[in-house]
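*Asks:* missing the sequence, but the structure's below:
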């Protein structure tokens, strides 16, 4: 498989739970040796980019923070470019820092947009209901991601998708999705590599957001059997990866 650049998911690909994937660091070093550029793209919305970089460093990865493209970072740029700077944030306090440092103002009323992420225990009825009312008053619905679930340290965990769907159902609005599988998200991540989507591949553990999103964008999709990978989910998706490998460690063998 001839590839000019690689986008790599983080959670479920570089690590699962609280452990790094065996051999993933060697695969990255081999990409470096061959001169194949890569960037990391994540729908993780509980952590700021700074926290993600710190976590990866603790797991033994030497990855520059600037090489990590997360949904909060992309959303901050997108909202600011569109002049929507007053936002009601359904996020964790950590992820909120990426948005506020980019110039967005966190508000409780008169919001331009309601921004929904995986806010963990912050997704209370009271916060969801406030978001619902703001949306009815004219705020836009912006989802940092719409994943159904992710693999936590003790098993599968609900992601932001079910809560975004609830707000869509209640308000009749359709969320603007910023993270994967948005083509704009993949394009933003590839920008620094100088490679077009047709020359690039996405490596991920989610058949819909990673592989389906990449293929819709013109990229090749490489599915790993780590993280949230489920054979049944792959069958039901109707999406055919270009390649399925056991883990990121096997990637260099196919390039």
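*Replies:* Yep, it's here. As the structure is a prediction and not an experimental result, all values here were calculated from the model. Residues are numbered from 1 along each chain as shown.
*Asks:* Return the distance of residue 108 relative to residue 45.
*Replies:* In this view, residue 108 and residue 45 are 20 Å apart by C-beta to C-beta, to the nearest Å. To be clear about C-beta, it is placed using only N, CA and C from the backbone, and glycine gets the same treatment.
*Asks:* Neighbour count: these two, which is higher?
*Replies:* Neighbour count, other C-beta atoms under 10 Å: between residue 108 and residue 45, residue 45 has more, with 30 against 9.
*Asks:* helix, strand or coil for the more buried one?
*Replies:* Three-state call for residue 45 (DSSP: H, G, I helix; E, B strand; the rest coil): coil.
*Asks:* is it true that it touches residue 70?
*Replies:* Yes: at 7.4 Å, residue 45 and residue 70 qualify as touching, with contact defined as C-beta atoms under 8 Å.
*Asks:* Overlap in contacts, these two.
*Replies:* residue 179 (C-beta atoms under 8 Å, 6 or more residues apart in numbering).
*Asks:* So for the helix or strand harbouring residue 54, mean pLDDT?
*Replies:* Secondary structure from DSSP states H and E places residue 54 in helix 49-58. Mean pLDDT, helix 49-58: 94.
*Asks:* so residue 84, which of the three states?
*Replies:* coil.
*Asks:* Nearest residue to it in space, please, no chain neighbours.
*Replies:* Spatial nearest neighbour of residue 84, chain neighbours left out: residue 112 (3.9 Å); criterion: C-beta to C-beta, 6 or more residues apart in numbering.
*Asks:* quick one: that neighbour from residue 105, how far?
*Replies:* 9 Å.
*Asks:* Neighbour count for these two, which is higher?
*Replies:* Between residue 112 and residue 105, counting by other C-beta under 10 Å, residue 112 is the more crowded of the two (21 against 12).
*Asks:* who touches that one in this structure?
*Replies:* Contacts for residue 112 (C-beta under 8 Å, 6+ apart) come out as 79, 83-87, 139-140.
*Asks:* Neighbouring strands of the helix or strand bottoming out on mean pLDDT in the chain in the sheet, and parallel or not?
*Replies:* Least confident helix or strand of the chain, by mean pLDDT, DSSP states H and E, is strand 149-152 with a mean of 80. Strand pairing for strand 149-152, using DSSP bridges, gives strand 155-158 (antiparallel).
*Asks:* Contacts made by the partner strand with the rest, please.
*Replies:* By C-beta under 8 Å, 6+ apart, strand 155-158 touches 118, 148-151, 228.
*Asks:* buried stuff in whichever helix or strand comes after that strand?
*Replies:* Next in sequence after strand 155-158, counting helices and strands by DSSP H and E, comes helix 161-171. Of all the residues in helix 161-171, those buried under the rule 16 or more other C-beta atoms under 10 Å are 161, 163-164, 167-168, 171.
*Asks:* can the residues you listed go into a markdown table with extra columns for distance to residue 1 and pLDDT?
*Replies:* As requested, the buried residues of helix 161-171 are exported to a markdown table (distance: C-beta to C-beta, whole Å; pLDDT from 0 to 100):
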| residue | distance to residue 1 | pLDDT |
| --- | --- | --- |
| 161 | 30 | 92 |
| 163 | 37 | 96 |
| 164 | 34 | 96 |
| 167 | 40 | 97 |
| 168 | 37 | 98 |
| 171 | 43 | 97 |
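*Asks:* Let's have the residues you listed in a markdown table, adding distance to residue 132.
*Replies:* Putting these into a markdown table (distance: C-beta to C-beta, whole Å) gives the following:
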| residue | distance to residue 132 |
| --- | --- |
| 161 | 17 |
| 163 | 11 |
| 164 | 12 |
| 167 | 6 |
| 168 | 11 |
| 171 | 6 |
